[in-house]
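S.K.: sequence unknown, structure follows:
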DNA sequence: TCTATTGATTAGAGCGCTCCAATCATGTAG
DNA sequence: CTACATGATTGGAGCGCTCTAATCAATAGA
């Protein structure tokens, strides 16, 4: 026997299908007597409304399309948690895709999401061209996370990479450091902002920026330190390092220690992302924390504001990171 | 203007709605001439079929409900990646929920998923009682990942925790170790199997198991080592440790090193899970790897076999882990 | 007494699609 | 030629629901 429908409940409760519909949406103007009768019948039959039929008939959707470029990245997994919590609280559901950082796959993933006519779409660090985003935006509200874009009518939620780097530099300067190098994340998402923030902060303190091209991996961090030690900048070896992310920082630390330099006594190191890695006592890395779950929450909030028609102008959230000071930074010994 | 419907495409192409439907499902027995005409019209209008309407009309679903107990756990994030890849390849979509390890929240999350009448449901390490799983199973196929259950008609996909521990113990024994302790994961999911596997493997080698109650965190690993050092077992301090997971192992290592013991020269340590942590050169932890993405793939496969009616008997996949030997284990020096 | 007024209830159309059965072309054998 | 396949095309019902407008009952006002 198939799952019961509204018709079955109506028959059992001896009312019309429309009344059942009203009760299921707990509309006002239904007598208590009928309401309980319908509710009982529904319960006895194990009836649950059919979300898709409801969506089709009401021409509204409770589904939010989410495309994640890479779920393996703990950052996005955390954002999705925030997304889900906020969506659930508002009675919405997530339909989720991964794009694998391939424009072609992401494009088809996006198309796939749109075929469900979601209330809106949230894209986490997409690599698709702006045109694809524009197309999606023509179908409904779009929120971009960890990606900026000037597409009309698209909201964005980003972490303020510049501010994060500034926070780190300020911290190091306050500890007396003046020769601070940056191990940069290359083309990785967000790396440009971090680099910019570093440069600006250094100039603000009237210090010379020194950037070593690197990547967001521990081996790249090691390699960068080797380069630095092999070919020190004019002013001498840096006394502090701002790594592109935590993995890079850990690599840098192990290379420093191998070279006989102590962290933080000889060199201070700051990471970025506050991954679970950084929190390990064994590593205890000073790092920049981004409010990841909060980013998810804000993304849903922005989307729902549009869905509800409460706002039409685009909003661009730039979230403030915070510095988590642990044991890899110390005052400069003179 | 609203999104175009099949009707619009039919009008534009000068054919009936039914023909458009046939073309969209690329059914046979449609003349090439009409097919291209419909396809052109659809393309010009930017028409895409409405997945929910399609689902409602065809009484079939391309949606798989997925409930994840905790997405922040990298293990599940990886499984979801596998899930998504397999689902996409088969033309299915994921609708995803998180349960936050709370039975109440999970229950409502599950209900929520079922309201979409998915083709089936996949639960990742759910904490809901068997009755809830039974209810879900009454509505359609259910696959359990990282949770065993004897519920009728439910498939399960698990990593073989016993085999993993055995692998680790065998490795240590082959290196000459005989006093091997286990830092156990307590009530964490999967910990019991790992403990069992350790005990069985030790007995098989005619060795005395020694279990230290611990948890899946680095601080717990440290604490466990302190206990071990403060109150050594009868036969003397262990020369090798099998930790409950990688975090625990890292904590154990730092406690050992603090106590002046070298890893692996004095004590070998094996982790479990092969997290990104273990792969860091700085840590380079020997650990047990579970085929996470593969687990996701198998879960979808099992589900779709049921959906397609290819199988009725329950299947219980037990995936074989493998040992990743890195630098925290070495032959016992005598 | 009759008409408004209000609140509770329901019939019926329709959301965008699929699917069955019916129809309409063709060609092919009798 | 007619009869009959065979393949291409279409009308129309219906998936499970919502929503508008209509209906009905009950009370209040004149």
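M.R.: Okay, I see it. Nothing here was measured: the structure is a model prediction, and the numbers come from that model.
S.K.: Give me the three-state assignment for residue A:121.
M.R.: Three-state call for residue A:121 (DSSP: H, G, I helix; E, B strand; the rest coil): strand.
S.K.: That one against residue A:144, yeah?
M.R.: No - applying Cβ atoms under 8 Å, one finds residue A:121 not in contact with residue A:144, separated by 9.5 Å. (C-beta placed from N, C-alpha, C; glycine too.)
S.K.: ok, those two, which is more surrounded?
M.R.: Of the pair residue A:121 and residue A:144, residue A:121 is the one with more neighbours under other Cβ atoms under 10 Å in any protein chain shown, namely 28 against 24.
S.K.: Distance of the more buried one relative to residue B:24?
M.R.: Distance, residue A:121 to residue B:24, using Cβ to Cβ, to the nearest Å: 22 Å.
S.K.: how many neighbours does residue A:21 have?
M.R.: Counted with other Cβ under 10 Å, residue A:21 comes out at 17.
S.K.: gap between it and residue B:198?
M.R.: Relative to residue B:198, and taking Cβ to Cβ, residue A:21 is found at 57 Å.
S.K.: In contact with residue A:75: list those residues for me.
M.R.: A:146, A:273, A:290, A:292 (Cβ atoms under 8 Å, 6 or more residues apart in numbering or on different chains).
S.K.: My error: substitute residue A:13 in the last question.
M.R.: With contacts defined as Cβ under 8 Å, 6+ apart, residue A:13 is in contact with A:19-20, A:34, A:37-38, A:40-42.
S.K.: try it again with 7 Å
M.R.: Residues in contact with residue A:13 (Cβ atoms under 7 Å, 6 or more residues apart in numbering or on different chains) are A:20, A:37-38, A:41.
S.K.: Disregarding residues adjacent in the polypeptide, which is nearest to it?
M.R.: The spatially closest residue to residue A:13, leaving aside those adjacent along the chain, is residue A:41, at 3.9 Å (Cβ to Cβ, 6 or more residues apart in numbering or on different chains).
S.K.: Do you know the pLDDT at that neighbour?
M.R.: Per-residue pLDDT puts residue A:41 at 94.
S.K.: follow-up on the earlier one: out of the contacts of residue A:13, what pair is the most spread apart?
M.R.: Using Cβ to Cβ, those span at most 10.1 Å, a distance reached by A:20 and A:37.
S.K.: More neighbours: these two, which one.
M.R.: More crowded of residue A:20 and residue A:37, by other Cβ under 10 Å: residue A:20, with 26 against 17.
S.K.: So which bits of chain A are right by DNA strand D?
M.R.: Neighbours of DNA strand D within chain A, by Cβ under 7 Å from any atom of the strand: A:2-3, A:5-7, A:17-18, A:21, A:24-25, A:47, A:49-50, A:53-54, A:56-58, A:60.
S.K.: at 6 Å what do you get?
M.R.: A:2, A:5-6, A:17-18, A:21, A:24-25, A:49-50, A:53-54, A:56-58 (Cβ under 6 Å from any atom of the strand).
S.K.: Any stretches of chain A with poor pLDDT?
M.R.: Filtered on pLDDT under 70, chain A yields the residue ranges A:1, A:334.
S.K.: And for whichever residue of the stretch 151-300 of chain A sits closest to DNA strand C, the neighbour number?
M.R.: When scored by Cβ to the nearest atom of the strand, the stretch 151-300 of chain A has residue A:153 as its residue closest to DNA strand C, at 21.7 Å. Neighbour count for residue A:153, taken as other Cβ under 10 Å: 13.
S.K.: I figured it was touching residue A:137, is that so?
M.R.: Yes - Residue A:153 lies in contact with residue A:137 (Cβ atoms under 7 Å); the separation is 5.6 Å.
S.K.: Can you report how many residues lie near the nearest residue to residue A:326 once chain neighbours are set aside?
M.R.: Closest residue in space to residue A:326, ignoring its immediate chain neighbours: residue A:284 at 4.3 Å, by Cβ to Cβ, 6+ apart. Residue A:284 is flanked by 13 other residues according to other Cβ under 10 Å.
S.K.: you'd agree residue A:284 is up against residue A:327?
M.R.: Yes - Residue A:284 lies in contact with residue A:327 (Cβ under 7 Å); the separation is 4.0 Å.
S.K.: Could you confirm whether stretch A:52-71 reaches chain B?
M.R.: Yes - using Cβ under 7 Å from any Cβ of the partner chain, we find that stretch A:52-71 touches chain B at A:52-53, A:55-56, A:71.
S.K.: Now that stretch: buried residues?
M.R.: Neighbour-count burial for stretch A:52-71, counted by 16 or more other Cβ atoms under 10 Å in any protein chain shown, picks out A:52-56, A:61-71.
S.K.: now swap in stretch A:327-334 and tell me
M.R.: A:328-330, A:332.
S.K.: so which of those residues also contact chain B?
M.R.: Answer for these near chain B: none qualify (Cβ under 7 Å from any Cβ).
S.K.: Which stretches in the stretch 151-300 of chain A count as strands?
M.R.: Ranges of strands in the stretch 151-300 of chain A, per DSSP state E, counting those that start in this stretch, are A:154-159, A:180-184, A:210-213, A:240-243, A:268-272, A:286-289.
S.K.: Give me the nearest residue to residue A:140, chain neighbours excluded.
M.R.: Residue A:140 sits nearest to residue A:120 (Cβ to Cβ, 6+ apart), 5.2 Å away.
S.K.: relative to strand A:154-159, how tilted is the host helix or strand of residue A:76?
M.R.: Following DSSP states H and E, one finds residue A:76 within helix A:74-89. On the basis of axes from the mean of the first three to the mean of the last three Cα atoms, to 10 degrees, helix A:74-89 is oriented at 130 degrees to strand A:154-159.
S.K.: List the contacts of the closest residue to DNA strand C within the stretch 101-250 of chain A.
M.R.: Nearest residue of the stretch 101-250 of chain A to DNA strand C: residue A:117, at 7.8 Å (Cβ to the nearest atom of the strand). Residue A:117 makes contact with A:61, B:50, B:52 under the criterion Cβ under 7 Å, 6+ apart.
S.K.: One more pass at 8 Å, please.
M.R.: A:55, A:61, A:63, A:139-140, B:3, B:50-52.
S.K.: Look up how far residue A:56 lies from it.
M.R.: For residue A:117 relative to residue A:56 (Cβ to Cβ), the value is 9 Å.
S.K.: for residue A:38, same thing?
M.R.: 22 Å.
S.K.: same deal with residue A:241?
M.R.: Counting by Cβ to Cβ, the gap from residue A:241 to residue A:56 is 57 Å.
S.K.: Residue A:188: neighbouring residues, count only.
M.R.: Using other Cβ under 10 Å, residue A:188 has 16 neighbouring residues.
S.K.: hang on, it packs against residue A:216?
M.R.: Yes - with contacts counted by Cβ under 8 Å, residue A:188 reaches residue A:216, the gap being 4.7 Å.
S.K.: who touches both of these two?
M.R.: By Cβ under 8 Å, 6+ apart, residue A:188 and residue A:216 have these common neighbours: A:244-245.
S.K.: quick revisit: just to be sure, the residue nearest to residue A:13 is in a helix?
M.R.: Yes - Residue A:41: assigned to a helix according to three-state DSSP.
S.K.: same for DNA strand C: which of the buried residues of stretch A:52-71 are within range?
M.R.: Among these, proximity to DNA strand C is found for residue A:56 (Cβ under 6 Å from any atom of the strand).
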